[in-house]
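Enquirer: coordinates only, sequence not included:
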């Protein structure tokens, strides 16, 4: 049952309550910023209201009336002199906002957004203060040919410093790399068995996503926290390893040679160990992986000991992370003949006009699933040439296939469209991450992370607003109070810490939205005051009225556009399961007649793996 089916009246009431709990404090502190700045400069404040419309509750203290109003979509601070028709005592004329010097006016106007920029620092500080453990800056996977690999970094290296600054977590390492595209970084690492070494790392400039999921120029190193466990992939079913009983999917636990036990966890451990093994006989300790057809003779999960005359007998053992373990029935991989046990060997984009012979795989063969994922992500539904190696007794044979990923459309719980592409392939890859380490100084950690997180999200949002106007970001992402209410409900379901982070995001949104140079918003007031300061005279009542109406029209248009998007998203949420969109490549292949449809009775030719 979907959440919409059991939402009910009580559910909508709770959504409204969470909306008020989330938005109310942010609006209150925003208006409090204006209020305190105005009071500090001697401006007479007539009313401080939380909400708009009919007044539900009010109390006067001194010269100010404090109100709670019926429409909880904002608030306002009313100052003397704002109404041109207002009668004003002579002693109050110097207490208007207009009577202040230019710089004081600006402070009063931006004080509200400024408070909204400060609140996230506090919210994130509280959140990070609860964090006791973090992922260590330990390199799990290093992609071949990428910046880290070129710099000489290896899986298992522990990052100590970058440019002299201590690195305490993997997130800190990742963030430093992302913020330095094309720059030369001095990285100090501790390497098992080698001590401390220093390398020069130049992150590759790339277009990726910033912290708020928007396109941005970032640095990439080709490093991942997770490591690939040492699971075996065999395509040579006539080799010594296969004859000794080793199978694809078996996980290597260690090697015993001449009385010495060498533990193995990650595939990188195996790659480092294999060249060091001598010519003496050895015992390989593995956990058995058994397919359903092998269950009669093999017991899955059993630890076995396999004997070999020397390490040379293990030379054809490869990582299982690129070996197919499962093919989804009816998927592109299934339709084009990919089978469990095949090893993914190469992938490249093939132009629609190009024949199968254009698949050259001139680049170095894939060596990791992360590399495969990266190439698949770049393809995004385009025509692809896939090379697989099928196990055989003579070392495996290569098959080359032309296919496209299936396109799936779905919606998240906010009604946003999600588009994904899928081959229908699972592999033997099994990931693991190192154990978390305790935060050294939680207070310092919380201060640093709250400031950095607030800055990165704010700068990302500024970029997003700019992209919105240039069309680089889909304008359907614009939402209204309906979206905020949905986000408040989801955040509440996930606990108070997540709710606090959501408040931080909405607070930053309010700050940046109010700083836009649109009349009636705080940024619009800054613009008008600046124009008046340059002209050295007021704009006049008529000009201000026209500008105000223009601003009101823009704001209402933006609100209506956001509500329209929210309504569209609400209707979309009725489709809560991913649906396959017709694979455009199915017809394209038939029309172009560049590669025939698969025929199970006459599959693509299988060539020697080296070919």
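Expert: All right, it came through fine. Nothing here was measured: the structure is a model prediction, and the numbers come from that model. Residues are numbered from 1 along each chain as shown.
Enquirer: ok, the residue in the chain sticking out farthest from the centre to residue 169 distance?
Expert: Distance from the centre of the chain peaks at residue 90, with 58.6 Å (Cα atoms, centre = their mean). According to Cβ to Cβ, to the nearest Å, residue 90 stands 63 Å off from residue 169. For every residue, glycine as well, the C-beta is placed using N, CA and C.
Enquirer: check residue 42 too.
Expert: 48 Å.
Enquirer: okay, these two: which has more neighbours?
Expert: Per other Cβ atoms under 10 Å, whichever of residue 42 and residue 169 has more neighbours is residue 169, with 22 against 12.
Enquirer: so that one makes contact with residue 137?
Expert: Yes: assessed by Cβ atoms under 8 Å, residue 169 is found in contact with residue 137 at 6.1 Å.
Enquirer: residue contacts, residue 433?
Expert: Going by Cβ atoms under 8 Å, 6 or more residues apart in numbering, residue 433 touches 135, 140, 225-227.
Enquirer: quick check: of these, which has the highest neighbour count?
Expert: Tallying neighbours with other Cβ under 10 Å puts residue 227 at the head of the contacts of residue 433, with 23 neighbours.
Enquirer: pretty sure that one contacts residue 264?
Expert: No: taking contacts as Cβ under 8 Å, residue 227 lies outside contact range of residue 264: 11.5 Å.
Enquirer: return the set of buried residues in the one helix or strand residue 465 maps to.
Expert: Counting by DSSP states H and E, the element that carries residue 465 is helix 442-470. Across helix 442-470, burial judged by 16 or more other Cβ atoms under 10 Å covers 445-447, 449-450, 452-454, 456-458, 460-461, 463-464, 467.
Enquirer: repeat for stretch 113-125
Expert: Applying 16+ other Cβ under 10 Å to stretch 113-125 flags 113-117, 119-125 as buried.
Enquirer: please apply the same query to stretch 152-162.
Expert: Using 16+ other Cβ under 10 Å as the burial criterion, the residues of stretch 152-162 that qualify are 152-160, 162.
Enquirer: got any ranges where the stretch 501-611 of the chain has weak pLDDT?
Expert: The stretch 501-611 of the chain contains residues with pLDDT under 70 at 569-611.
Enquirer: quick one, helices of it?
Expert: Along the stretch 501-611 of the chain, the segments classed as helices by DSSP state H, counting those that start in this stretch run 522-535, 541-572, 584-592.
Enquirer: redo these as a markdown table? Include mean neighbour count.
Expert: A markdown table is the format used below for those (neighbours: other Cβ atoms under 10 Å):
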| stretch | mean neighbour count |
| --- | --- |
| helix 522-535 | 17 |
| helix 541-572 | 14 |
| helix 584-592 | 14 |
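Enquirer: quick one: low-confidence ranges for this protein?
Expert: For the chain (pLDDT under 70), the answer is 1-8, 84, 210-214, 290-301, 356-358, 361-365, 409-418, 471-477, 479-480, 569-611.
Enquirer: how is it divided into domains?
Expert: The chain breaks down into these domains under automatic domain parsing: 136-224, 228-427+579-611.
Enquirer: can I get those in TSV including distance to residue 33?
Expert: TSV is the format used below for those (distance: least, Cβ to Cβ, whole Å):
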stretch	distance to residue 33
domain 136-224	24
domain 228-427+579-611	29
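Enquirer: closest to residue 72 out of those domains?
Expert: Closest to residue 72 of the domains of the chain, according to Cβ to Cβ: domain 228-427+579-611, at 20.7 Å.
Enquirer: quick check: the closest residue to residue 434 other than its chain neighbours vs residue 167, distance?
Expert: What sits nearest to residue 434 in space, not counting adjacent residues and going by Cβ to Cβ, 6 or more residues apart in numbering, is residue 138, at 4.8 Å. Distance, residue 138 to residue 167, by Cβ to Cβ: 11 Å.
Enquirer: who touches both of those two?
Expert: Residues touching both residue 138 and residue 167 (Cβ under 8 Å, 6+ apart): residue 159.
Enquirer: where does residue 262 sit: helix, strand or coil?
Expert: What DSSP: H, G, I helix; E, B strand; the rest coil gives for residue 262 is strand.
Enquirer: residues near the nearest residue to it once chain neighbours are set aside, how many?
Expert: Leaving aside its chain neighbours, residue 262 sits nearest to residue 255 (4.7 Å; criterion: Cβ to Cβ, 6+ apart). When neighbours are counted by other Cβ under 10 Å, residue 255 registers 22.
Enquirer: if residue 255 is in a bridge, with which residues?
Expert: On the basis of DSSP bridges, residue 255 is bridged to residue 262, residue 284.
Enquirer: residues in contact with it?
Expert: By Cβ under 8 Å, 6+ apart, the contact set of residue 255 is 261-262, 264, 273, 277, 282-285.
Enquirer: out of these, which one sits closest to residue 501?
Expert: Taking Cβ to Cβ as the measure, residue 264 is the one of the contacts of residue 255 closest to residue 501, at 39.2 Å.
Enquirer: and that closest one, how many neighbours?
Expert: Residue 264 has 22 nearby residues by other Cβ under 10 Å.
Enquirer: separation between it and residue 256?
Expert: 11 Å.
Enquirer: apart from its neighbours in sequence, what residue is nearest residue 286?
Expert: That would be residue 250: by Cβ to Cβ, 6+ apart, it lies 4.4 Å from residue 286.
Enquirer: the one you found: what's it in contact with?
Expert: By Cβ under 8 Å, 6+ apart, the contact list for residue 250 reads 231-232, 286-289.
Enquirer: which of those residues lies closest to residue 532?
Expert: Looking across the contacts of residue 250 and measuring by Cβ to Cβ, the closest to residue 532 is residue 231, at 70.6 Å.
Enquirer: report the contact partners of the residue nearest to that closest one when sequence neighbours are not counted.
Expert: Distances taken as Cβ to Cβ, 6+ apart place residue 320 nearest to residue 231, at 3.9 Å, with adjacent residues excluded. When contacts are counted by Cβ under 8 Å, 6+ apart, residue 320 touches 231-233, 248-249, 427-429.
Enquirer: 10 Å - rerun?
Expert: Residues counted as contacts of residue 320 (Cβ atoms under 10 Å, 6 or more residues apart in numbering) are 228-234, 247-251, 267, 289, 343, 369, 427-430.
Enquirer: still on that earlier bit, got any residues that touch both of residue 264 and residue 256?
Expert: Counting by Cβ under 10 Å, 6+ apart, the common neighbours of residue 264 and residue 256 are 284-285.
Enquirer: count of residues packed around the residue nearest to residue 434?
Expert: By the measure other Cβ under 10 Å, the count of residues near residue 138 is 20.
Enquirer: and for residue 484?
Expert: Per other Cβ under 10 Å, the neighbour tally for residue 484 reads 21.
Enquirer: which other helices and strands contact the helix or strand harbouring it?
Expert: Using DSSP H and E, residue 484 falls within helix 481-493. With contacts taken as 3 or more Cβ pairs under 10 Å, 6 or more residues apart in numbering; DSSP states H and E, helix 481-493 sits against helix 8-40, strand 64-79, helix 496-514, helix 541-572.
Enquirer: closest to residue 329 out of those?
Expert: helix 541-572 (28.0 Å).
Enquirer: ok, which stretches of the stretch 151-300 of the chain are helices?
Expert: Counting by DSSP H, counting those that start in this stretch, residue ranges of the helices within the stretch 151-300 of the chain are 170-178, 240-243, 267-273.
Enquirer: of these, which is nearest residue 312?
Expert: Of all the helices of the stretch 151-300 of the chain, helix 240-243 sits nearest to residue 312, with 8.2 Å by Cβ to Cβ.
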